[in-house]
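For reference, the sequence and a predicted model appear below.
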Amino acid sequence: MNKEQKSFHGSRRKEFSRLIGRDSIALIFGSTHRNKSYDGDYKFKQYKNFYYLTGFEEANSALMLAPGGIKLKSEKNDITANEILFVQKKDQMMETWNGKRVGYQNVKNELGIENARENKDLSFYLNSKFLSRFRKLYVNLGEMLKLSGDMETIITPFLNMLNITAPHVEIIDASYLLGTMRFVKTPFEIKKIKNAADVSTSAYYETLNSIYPGMNEFNVQSVLEFYYRFHGGDDIAYHPIVAAGENACILHYQNNDQHLENGDLLLIDSASEYNYYCSDITRTFPVNGKFTDEQKLIYEIVLKANKECIKKIRPGVKFSYINQLSEKVLADGLFDAGILKDKKNIKKYSLHGVGHHIGLDTHDAVPSAKTGVSDFDTLKEGNVITIEPGLYFTKNMKEIPLKLRGTGVRIEDDILVTRNGCLNLTEDMIKEVTEIEDAMKENDSDL
Ligand code: GLY
Ligand code: MN
Ligand code: MN
């Protein structure tokens, strides 16, 4: 890990420790392997909160933070520790089969985390005698309950203990507090998101020229994903939506297995991840390279909403206001075109909110489930959000002109809130009608 990474993750541990205070202890678990079938696992993916605090990608790990210090047994004499990373034991055979393990002796040097132990040593701390010295215990609860393998075994006595003799310690889900930290991105994080957005943008350009009627949605998906990897993206940010025709009206369409019909639109909501940071992009293209007049009309209304919303983004503005603005532009556009009789009905066709925060998660800094309102509504410098208005007309909407039924349009950009306004991180991504038609002119649309 380089100096910049060590410094970023170290600063996150420091800030989290400051927030929880000296009478608290935090235990943030990393992810464990998930079985896919028989003896094969899904590709390992680290939990994002754990990654945020450590930058460490190995399975079966946990981070303990004790801002007030705890005694840690050491070979020579006991020491006072504020941060301990618990990691997998070095194991020659396991490393031959599955890859290198850092080993606790190398953690300080490799990751810059002060102290480390083998993960089995965690058992020593997961008991009421140790924990009841603290007022609060912060844990990534939801993630902890999904641990498998050795880590599940290690935490089981702890979970049983909570049922029987819970210590006098308040147990708090750490995810919300970490969410408040993750709300504002540092320059280090913004660079990663920008990188992810650039990888995605390049891949979309390369894919645009391989779209033609008759191919399958999964062909388009495979070209995109080839180019994500080719350009240095290390994962997809989310399962891609490659939706032709009416499939675009299924907001989280997953199958991606239908043919692209001549005359239809193709909605692509797909993006790359880079060093665990997400981009999130949607574009809508005509399958044969040319919009019909009706498609163009709808596309231009959505594009107007996208642009008007982006213009208003700056610190202090409420996301809920941007949402209202988007609905207003969409409603006005459809009303003026004679498609919508009553503007109050816009939600039937706009379906979803105008956007969300992005970062380590595609849906980042989400509203508190406790309050039901968005605690992250007022935009701040360093926020990164999506702006993604859309309009969707299913085939059974008899009130909609026939030529528009079975059509979905969404245009999604990633926007950084800056000190005085905003910066579109997906600025280079094609989105004007004429640009798209020009770029697709050479496509072989006779197939
Ligand atoms: N790709 C998921 C979303 O746009 O929210
Ligand atoms: Mn989105
Ligand atoms: Mn999206």
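Received it, and whenever you're ready, just let me know what you need. Ligands and ions are numbered 1, 2, ... in the order given.

Could you tell me which residues of the stretch 251-400 of the chain lie near ligand 2?
Within the stretch 251-400 of the chain, the positions near ligand 2 by C-beta under 5 Å from the ion are 280, 386. The way it works is simple: take the backbone N, C-alpha and C, and place the C-beta from them, glycine included.

Give me the below-cutoff pLDDT ranges for the stretch 251-400 of the chain.
For the stretch 251-400 of the chain, the stretches flagged by pLDDT under 70 are 366-374.

Can you show me the helices along it?
Here the stretch 251-400 of the chain has its helices, by DSSP state H, counting those that start in this stretch, at 293-312, 319-336, 347-350.

And the stretch 101-250 of the chain, by the same measure?
Counting by DSSP H, counting those that start in this stretch, the stretch 101-250 of the chain has helices at residues 107-111, 128-131, 141-144, 149-164, 174-182, 187-208, 217-230.

Could you measure from residue 301 over to residue 253?
Relative to residue 253, residue 301 is positioned 22 Å away (C-beta to C-beta, to the nearest Å).

Determine which stretch of the helices of the stretch 101-250 of the chain is the most buried.
helix 187-208 (a mean of 21; mean count of other C-beta atoms under 10 Å).

What residues does the protein have near ligand 3?
Residues of the chain lying near ligand 3 (C-beta under 5 Å from the ion): 269, 280, 412.

Relative to ligand 1, which of the helices of the stretch 101-250 of the chain is closest?
Nearest of the helices of the stretch 101-250 of the chain to ligand 1, taken as C-beta to the nearest ligand atom: helix 187-208 at 11.4 Å.

thinking again about what came up before, could I get the helices of the stretch 101-250 of the chain in a markdown table, plus columns for mean pLDDT?
Output for the helices of the stretch 101-250 of the chain, formatted as a markdown table (pLDDT from 0 to 100):
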| stretch | mean pLDDT |
| --- | --- |
| helix 107-111 | 97 |
| helix 128-131 | 83 |
| helix 141-144 | 93 |
| helix 149-164 | 85 |
| helix 174-182 | 92 |
| helix 187-208 | 97 |
| helix 217-230 | 97 |
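
Now tabulate these in TSV and tack on distance to ligand 2.
Formatted as TSV, those follow (distance: least, C-beta to the ion, whole Å):
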stretch	distance to ligand 2
helix 107-111	32
helix 128-131	39
helix 141-144	22
helix 149-164	32
helix 174-182	16
helix 187-208	12
helix 217-230	16
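
Kindly reformat those as JSON lines containing distance to ligand 1.
Shown next, in JSON lines, are the helices of the stretch 101-250 of the chain (distance: least, C-beta to the nearest ligand atom, whole Å):
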{"stretch": "helix 107-111", "distance to ligand 1": "31"}
{"stretch": "helix 128-131", "distance to ligand 1": "38"}
{"stretch": "helix 141-144", "distance to ligand 1": "20"}
{"stretch": "helix 149-164", "distance to ligand 1": "30"}
{"stretch": "helix 174-182", "distance to ligand 1": "17"}
{"stretch": "helix 187-208", "distance to ligand 1": "11"}
{"stretch": "helix 217-230", "distance to ligand 1": "13"}
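
on that earlier part again, rebuild the helices of the stretch 251-400 of the chain as TSV, extending it with mean neighbour count.
Shown next, in TSV, are those (neighbours: other C-beta atoms under 10 Å):
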stretch	mean neighbour count
helix 293-312	19
helix 319-336	18
helix 347-350	16
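
just so I know, which of these lies nearest residue 159?
helix 319-336 (37.4 Å; C-beta to C-beta).

hmm, who's touching that closest one?
300-302, 304-305, 308-309, 312-313, 340-341, 343, 346-347, 349-350, 353-355, 374, 376-379, 385, 387, 389, 391 (C-beta atoms under 8 Å, 6 or more residues apart in numbering).

ok, and the most crowded of the residues of the chain next to ligand 3?
Using other C-beta atoms under 10 Å as the neighbour test, the residues of the chain next to ligand 3 are led by residue 280, with 29 neighbours.

Residue 359 is in contact with that residue, correct?
No. Counting by C-beta atoms under 8 Å, no contact exists between residue 280 and residue 359, whose distance comes to 10.2 Å.

Which residue is the nearest non-sequential neighbour of residue 303?
residue 411 (5.8 Å; C-beta to C-beta, 6 or more residues apart in numbering).

quick check, nearest of the residues of the chain next to ligand 3 to residue 159?
Nearest to residue 159 among those, with distances taken as C-beta to C-beta, is residue 280, at 35.2 Å.

which residues does that closest one contact?
237-238, 269, 271, 358, 362, 386, 388, 412, 414.

What is the nearest of these to residue 17?
Among these, and counting by C-beta to C-beta, the member closest to residue 17 is residue 358, at 26.0 Å.

can you tell me how far the closest one sits from residue 141?
24 Å.

now do residue 395
44 Å.

go on, residue 69?
Taking C-beta to C-beta, one finds residue 69 at 24 Å from residue 141.

So what's the residue count around the closest residue to ligand 2 within the stretch 301-447 of the chain?
As assessed by C-beta to the ion, ligand 2 sits closest to residue 386 within the stretch 301-447 of the chain, at 4.2 Å. By other C-beta under 10 Å, the residues close to residue 386 number 24.
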